[in-house]
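*Asks:* kindly return the folded structure for what I paste below:
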Amino acid sequence: MLKSYFKTAFRNFYRNGAYSVINVLGLAIGVASFVLVLLYLNYELSYDKWSPGLKSVYRVSMDKDGEIETNTPAPLAALLMNNDPNIEAATMVQNSGDFEVLLTAGDKKIYQKNLMYADSLFLRVLPYKIVEGNAANAMAAPNTILISEEVARKLFGSTDAMGKTITLYGRALMVNAVFAKPDGPSVYNTEAIVRIADNNIHWENFSYQTLLKMKQPVAPDLLDRSLNRVFYNERIKKDSTSLAEYQAKSSRTLLFSERLSAIHNFPVKGASNFKTVSTLMVLATLLLIIGAINFSNLSIAASVRRAREVGVRKVLGSGRWQIVKQFLGEFTLQCLIAFGTGLLLLWPVLSYFKAAFGIGFDLLKATDGAVLGLQLLACFLLVVLISGLYPSFFLSRFSTSKILKGHYSEGAGGNGFRNVLIVLQFVFSAFFVIASLGIKKQMDFMQSKDKGFSGSQVMRIQVLQKTGEEGFENVRNRLLSVPGVEYVAKTTNMPGAPFLDTMSLGFKFEGKEVRLGVVKISSDFFDALQIPLVTGRKFDERPDDQHTRNIILNETAARKLGAGNVIGKLIYFPYEDSLPARIVGVIKDYNVSDYANAVVPLTYSINNEIGPYRWGGGLVLKLKGNDLRSTIRAVEQEWKSIEPENPIRYSFIDDDFQKLFQTYIRTQNVILFFTIVAVVIALVGLFALISFVAKSRAKEISIRKVLGASAARISVMLSLGFLKLVLIGTIVAIPVGWLAISKWLETFVYKASVGWELFLGAALILVMVSLIVLAIQTLRAAASDPVRALRSE
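*Replies:* Modelled structure (predicted):
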């Protein structure tokens, strides 16, 4: 019996080759898209789960009067560990991220990102596997460095690097261990770990983050109570005020913790990629459902060809359940073929997807094999249920007497359910079109919006600290002598940089404290980027400007002071009560990052004579003229004598700024792909359905033609019902699409407006392409020879 079922299934698959291929491919594309995003979701959820010990690791951050700071004072880790018995180890870390630093070993020089600075307890908190050296004393001594196997091969040709020397910023570091990179992704992904010096550990140093390893996992809110008790008693308490009373004040500093495994997807501060992943997962699921619905709909429409077979089987004694099992088995086989085809389609796009989303790990290894197997099995069963269950029951319920008399139309029930599925398909398709158009509108808005500065022909150069500080004037004069260089300036807040210093300080202004950011620049910075002046003046060479006695605000900072005209008024840096700075100008707000974040209130000053020390920026060169290549070559040649040990590293600010949009561009491209696939599946399904309907009504069409009906009238008759279903699906999708786009736009401070034209455009796109498909197939049916259809009568 089972063998007979398989023979029947393969015979019918072969007999209906074109429609079977349409069925399988539509479902396969949905499966491939869904599994691809499923792998990506698993990868995102695997952050910092590469070691069981990480379940007890937490990051400690500060809440200063409602402003979140992930950077904490350097001594905080030691303070907490020494006063909380539940803390096993604590470390302070600083990660360079995508910022590349020069590592030199002999004649070998490489620029390397993901450099970590940490203290001696780092490996007790983050248990990197040491493959060469001793983990117990790997970070015991200053002036040592731990490198990954990959960096060891880059610098030394092998992993045999113990005891060798690497130079970083002129400092000789001895390789004390080589470590293997974790098997999974981490927010503290690193290629080299430098042991920090002990002479810069003070409470005004906010350059590090604090990580704790607890003796056992604990809920973050319970941990926060313990940490704040220690911090308050040891650092803040000055009188009899209790911790509860202090926490109730409007001005207070509190600590809070986050599980390390939660930081990437659910951070308290900063952007989370999980929203993007979850959105893609929802859309991929919709695409899978569209493929399954298309499969089910075509199966129902094709049921007319199997109706006589059902009748014969029932006459020969088959019960309804046997017929259900037979057809469900056939559909399961087709789903299995579609599933296998989908996995084959997935394979060639994996490498492209990984490159597009910056994934450095094998997506197939990011999830436990058993878990992935269960996920795929659940996906397969879901597809079978959606696409095969109803058609199987639908085919089994045909009336034997009616079938054998030649009456085997689908009936009102079949047509009604089929129409519901068509509407549902086009609801999802219209939703994809609306989402794609909405994202495109926001992308066009971001790329055309005035940033507040001109990055055209502005070159950014990465420099050493000594070059940008005491050697700046000499470097500036030398670069200005290069033909084609108009301005040379420096800044610690480079527009378009992937990482920005967002720490704010409590300035004193007219007797109250106001938190503002601090940016150090040189006199020509505003001119180099053509940043407009709102009121007052810009910096020049007068001593008060050059020695941090005068500052300039941006518009947001001026509004925050709330003092009307702020020009000429005094403001005090923290801990500088005797040395005020005078506000001499207000410049126009400008964006230094993408439009998901608001412009923050900033103060601009020159040098570091008053206020906290700031460095970590670079030089900006405004170039002029049309022969940029010659100017760049001349700058490169001059740089060889400025920093002879460091090859020049430069980019253009316009390009840097464009890179900030890459996440949105990737999302836009993926959703555009999903949109095209969803619409194509829906249209192919519509094409096949109208073909089935035309064949089932072939005699009716022929009689109408004999009685004088034109091809156009017959085409309208066949198309009108389907076109109504397309319109209904589109109309239903409009409020859902509007809600989804509005919700997505809430993540942007600066956003495009969503108007009726977006939804009208989506409706016109779907209606027009549907009309084309319907017209092609119905006109073909209307042009058929009526003699052939009526010959059997």
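*Asks:* centroid residue for the chain?
*Replies:* In the chain, the centroid-proximal residue (CA atoms, centre = their mean) is residue 273; its distance is 4.4 Å.
*Asks:* give me the mean pLDDT for stretch 228-247.
*Replies:* Stretch 228-247 shows a mean pLDDT of 89.
*Asks:* so how far is the first residue of it from its last?
*Replies:* 9 Å (CA to CA, to the nearest Å).
*Asks:* what comes up buried for it?
*Replies:* Within stretch 228-247, the residues that count as buried by 16 or more other CB atoms under 10 Å are 228, 230-232, 243, 246. Any C-beta I mention is one placed from the backbone N, CA and C, and that applies to glycine too.
*Asks:* next one: stretch 275-291
*Replies:* 276-277, 279-281, 283-291.
*Asks:* got the contact list for that stretch?
*Replies:* 26-31, 33-34, 36-38, 40-41, 44, 338, 379, 383, 386-387, 425, 428-429, 431-432, 435, 663, 667, 670-671, 674, 677-678, 681-682, 744, 747 (CB atoms under 8 Å, 6 or more residues apart in numbering).
*Asks:* and with 7 Å instead?
*Replies:* 26-27, 29-31, 33-34, 37, 40-41, 44, 383, 386, 425, 428-429, 667, 670-671, 674, 677-678, 681-682 (CB atoms under 7 Å, 6 or more residues apart in numbering).
*Asks:* for the strand or helix carrying residue 488, packing partners?
*Replies:* Element membership of residue 488 [criterion: DSSP states H and E] is strand 485-491. Secondary-structure packing of strand 485-491 (3 or more CB pairs under 7 Å, 6 or more residues apart in numbering; DSSP states H and E): helix 472-480, strand 512-521, helix 525-528, strand 618-623.
*Asks:* pull out the buried residues from the first one.
*Replies:* If I follow you right, that is helix 472-480. 472, 475-476, 478-479.
*Asks:* what's the answer for the second one, then?
*Replies:* Across strand 512-521, burial judged by 16+ other CB under 10 Å covers 514-521.
*Asks:* quick one: the strands in the stretch 351-500 of the chain?
*Replies:* 458-461, 485-491 (DSSP state E, counting those that start in this stretch).
*Asks:* to residue 691, which of those strands lies closest?
*Replies:* strand 458-461 (59.1 Å; CB to CB).
*Asks:* alpha carbons only: can I get that closest one in PDB?
*Replies:* The C-alpha coordinates for strand 458-461 follow below in PDB (Å, rounded to 0.1, in the frame of the first residue of the first chain):
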ATOM      1  CA  VAL A 458      37.500  66.600   3.700                       C
ATOM      2  CA  MET A 459      40.200  64.100   4.500                       C
ATOM      3  CA  ARG A 460      40.500  62.400   7.900                       C
ATOM      4  CA  ILE A 461      43.900  61.200   9.100                       C
END
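*Asks:* each with direction, which strands does it pair with?
*Replies:* strand 618-623 (antiparallel), strand 650-652 (antiparallel) (DSSP bridges).
*Asks:* make a markdown table out of these and add distance to residue 776, mean neighbour count and mean pLDDT.
*Replies:* Shown next, in a markdown table, are these (distance: least, CB to CB, whole Å; neighbours: other CB atoms under 10 Å; pLDDT from 0 to 100):
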| stretch | distance to residue 776 | mean neighbour count | mean pLDDT |
| --- | --- | --- | --- |
| strand 618-623 | 55 | 22 | 90 |
| strand 650-652 | 49 | 17 | 86 |
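*Asks:* want to throw the ones you listed into CSV with distance to residue 114?
*Replies:* Putting the strands paired with strand 458-461 into CSV (distance: least, CB to CB, whole Å) gives the following:
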stretch, distance to residue 114
strand 618-623, 19
strand 650-652, 19
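*Asks:* of the buried residues of stretch 228-247, closest to residue 444?
*Replies:* residue 228 (46.5 Å).
*Asks:* ok, that closest one - contacts?
*Replies:* Here residue 228 is in contact with 243, 254-255 (CB under 7 Å, 6+ apart).
*Asks:* please report the distance of it from residue 518.
*Replies:* According to CB to CB, to the nearest Å, residue 228 and residue 518 sit 27 Å apart.
*Asks:* can you give the domain ranges for the chain?
*Replies:* 1-47+269-409, 52-263, 463-648 (automatic domain parsing).
*Asks:* start to end distance for the longest one?
*Replies:* This means domain 52-263. 17 Å.
*Asks:* kindly report the same for the shortest one.
*Replies:* End-to-end span of domain 463-648 (CA to CA): 8 Å.
*Asks:* what's the offset of that domain from the middle of its chain?
*Replies:* 31 Å (CA atoms, centre = their mean, to the nearest Å).
*Asks:* please name the bridge partners of residue 180.
*Replies:* Where residue 180 sits in a bridge, its partners, by DSSP bridges, are residue 129.
*Asks:* thank you kindly, that will do.
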